[in-house]
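> predicted structure and sequence below. I'll ask about it afterward.
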Amino acid sequence: MQGLFVSLLEKLQVGEFHNYKNMSIAPLYYDDAQGLEYLTFDEALEAGLLTIREKDQIGVVPELLAINEADLPVLILDGEELIGAKQNRTLNTTILLKEKSKTIIPVSCTERGRWFQVSKSFGNSDFFISSRIREEKVKTVTESLRSKTGFRSDQGSIWREIDQIAQEANCRPETGAFRDIAREKSEDLEEYLQAFEPLPEQKGLMVQIDGIIVGMEFLSSSKAYFRLYRKILGSYALDALLHLTRDLQRITLPQTFIEEIKKCKVEVFNSVGYGIDYRFSGKRVVGSSLIHAGSLIHTAFFTLRKQGESNFPCAERRRGWREKGFNTEPPTLPSFKKKKN
């Protein structure tokens, strides 16, 4: 299985880096002759062919029901945010939903201060969650799979990451929603997004922030990448804007990053939808990949934090936040109730 992934990885080509402020992007090109056809999440929603809703009337945080009525598979990416229903969620893993299917999909909460219904089904957010949160989530989901408890994340660690980002952004979202943080910074983020337009045949990107390779990801389809690049790029741009890479291991060269990928321990698990879910654990990088019918559908890798670093801020930064009136411990948000008209 590892040999299959490495042979597919050898087809990857890294283009030249383009710079804007503290962020650099290299386009990724990948020769995939398989040409598997699928719809992206937003395409299926716009066509009225996909519905994602709470699992049942009561609802549970880590699981949702996805109904695909299309004649094609639908791809939803790890880190893609779903908004609405009883609270906003994000995908725990990349899923290629089977055509004409109903599937229970694993998710994490990105809005812990709300648990009331605002819509019957979920809509498409303009954002992916931050790449730093995605790195943390990949690690904990892999640990969950290893312990045979499914595609579950450490929900507490995700909330702590969102709290830290809110503090860094000097933002207090009422319901603790990650999306509200990103929206508040949308003007600054747009500058990054405008600086990096997708190139013909591009299928992915490698990202460098403050001189450090933060991560890379790519898709099997340039068409799908073109539809998703703003959300994927925004996942990294928020980290660049807030300088959230200070605690990362220092990998500066693309080839070094790829060599670290090849050193990873590889584990394989059946995906929720089509394909096999590959999980990669290394000393300096972590990642995942969905492979179906011999094709790399989606692959994402992230640089790990330095050994001993955590997602909690240092004491000096905590003191600074106290002076600004922030609670430095993970806050217990009130249980918001739907307002009466």
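Right, received. Where do you want to start? Residues are numbered from 1 along each chain as shown.
> how about the strands of the stretch 151-300 of the chain, start to end?
204-209, 212-219, 265-270, 276-281, 285-292, 295-303 (DSSP state E, counting those that start in this stretch).
> what strands flank the third one, and is each parallel or antiparallel?
This means strand 265-270. strand 276-281 (antiparallel) (DSSP bridges).
> so can I have JSON lines of the strands of the stretch 151-300 of the chain showing mean pLDDT?
Converted to JSON lines, these look like this (pLDDT from 0 to 100):
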{"stretch": "strand 204-209", "mean pLDDT": "98"}
{"stretch": "strand 212-219", "mean pLDDT": "96"}
{"stretch": "strand 265-270", "mean pLDDT": "96"}
{"stretch": "strand 276-281", "mean pLDDT": "97"}
{"stretch": "strand 285-292", "mean pLDDT": "96"}
{"stretch": "strand 295-303", "mean pLDDT": "95"}
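> in terms of helices and strands, where is the residue nearest to Gly84 when sequence neighbours are not counted?
Take Gly84 and drop its neighbours on the chain: the residue closest to it by CB to CB, 6 or more residues apart in numbering is Ser119, 3.9 Å away. Bear in mind the C-beta positions are built from the backbone N, C-alpha and C, glycine included. Using DSSP states H and E, Ser119 is not contained in any helix or strand.
> ok, Asp42 next?
Short version: Asp42 belongs to helix 41-46, going by DSSP H and E.
> could you list every helix and strand in contact with that helix?
Contacts defined by 3 or more CB pairs under 8 Å, 6 or more residues apart in numbering; DSSP states H and E place helix 41-46 against strand 74-76, strand 122-128, helix 222-242.
> in JSON lines: the strands of the stretch 151-300 of the chain, plus mean neighbour count.
Converted to JSON lines, the strands of the stretch 151-300 of the chain look like this (neighbours: other CB atoms under 10 Å):
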{"stretch": "strand 204-209", "mean neighbour count": "24"}
{"stretch": "strand 212-219", "mean neighbour count": "26"}
{"stretch": "strand 265-270", "mean neighbour count": "15"}
{"stretch": "strand 276-281", "mean neighbour count": "20"}
{"stretch": "strand 285-292", "mean neighbour count": "24"}
{"stretch": "strand 295-303", "mean neighbour count": "25"}
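> which one of those strands lies closest to Gly176?
strand 295-303 (23.2 Å; CB to CB).
> partner strands of that closest one, parallel or antiparallel?
strand 212-219 (antiparallel), strand 285-292 (antiparallel).
> so the first one versus strand 204-209, what angle?
Right, the one you point to is strand 212-219. Here the directions of strand 212-219 and strand 204-209 differ by 170 degrees (axes from the mean of the first three to the mean of the last three CA atoms, to 10 degrees).
> could you do the last one as well?
Between strand 285-292 and strand 204-209, the angle comes out at 170 degrees (the same axes, to 10 degrees).
> go ahead and name everything in contact with strand 285-292.
Residues outside strand 285-292 that contact it (CB atoms under 8 Å, 6 or more residues apart in numbering): 4-5, 8, 36, 78, 93-96, 135, 138-139, 141-142, 251, 257, 260-261, 264, 271, 274-280, 296-304.
> distance between that strand and the chain's centre?
Remark: strand 285-292 is offset 12 Å from the chain centroid, using CA atoms, centre = their mean, to the nearest Å.
> same check, this time on stretch 82-96
On CA atoms, centre = their mean, the centre of stretch 82-96 falls 11 Å from that of its chain.
> likewise for stretch 40-52?
Relative to the centre of its chain, stretch 40-52 is centred 19 Å away, using CA atoms, centre = their mean.
> measure it end to end?
Stretch 40-52 has an end-to-end distance of 14 Å (CA to CA, to the nearest Å).
> use 49 as the first number for this chain going forward.
Okay, using 49 as the starting number, the last item reads as stretch 88-100.
> show me where the chain dips below the pLDDT cut-off.
Applying pLDDT under 70 to the chain flags the ranges 49-52, 81-82, 356-389.
> quick check, central residue of it?
With distances taken as CA atoms, centre = their mean, Gly127 lies nearest the centre of the chain, 2.4 Å away.
> tell me who's in contact with it.
Thr138, Leu139, Phe176, Ile177, Ser179, Ile181, Arg182, Lys185, Ser283, Ala348.
> was I right to think the second one contacts Ile124?
Yes. Counting by CB atoms under 8 Å, Leu139 touches Ile124, with 5.5 Å between them.
> give me the common contacts of these two.
Contacts common to Leu139 and Ile124, judged by CB under 8 Å, 6+ apart, are Ile153.
> and the gap between Asn136 and Leu267?
According to CB to CB, to the nearest Å, Asn136 stands 24 Å off from Leu267.
> run the chain-centre distance for stretch 342-357.
For stretch 342-357, the distance to the chain centre is 11 Å (CA atoms, centre = their mean).
> and for stretch 269-278?
15 Å.
> for it, buried residues please.
Ser269, Ser270, Ala272, Tyr273, Phe274, Arg275, Leu276, Tyr277, Arg278 (16 or more other CB atoms under 10 Å).
> Leu253: which of the residues you listed is nearest?
Looking across these and measuring by CB to CB, the closest to Leu253 is Tyr277, at 7.6 Å.
> show me where the stretch 49-198 of the chain has strands.
Using DSSP E, counting those that start in this stretch, strands in the stretch 49-198 of the chain cover 60-62, 66-68, 71-78, 87-88, 98-102, 111-116, 122-124, 128-132, 137-139, 143-145, 149-157, 170-176.
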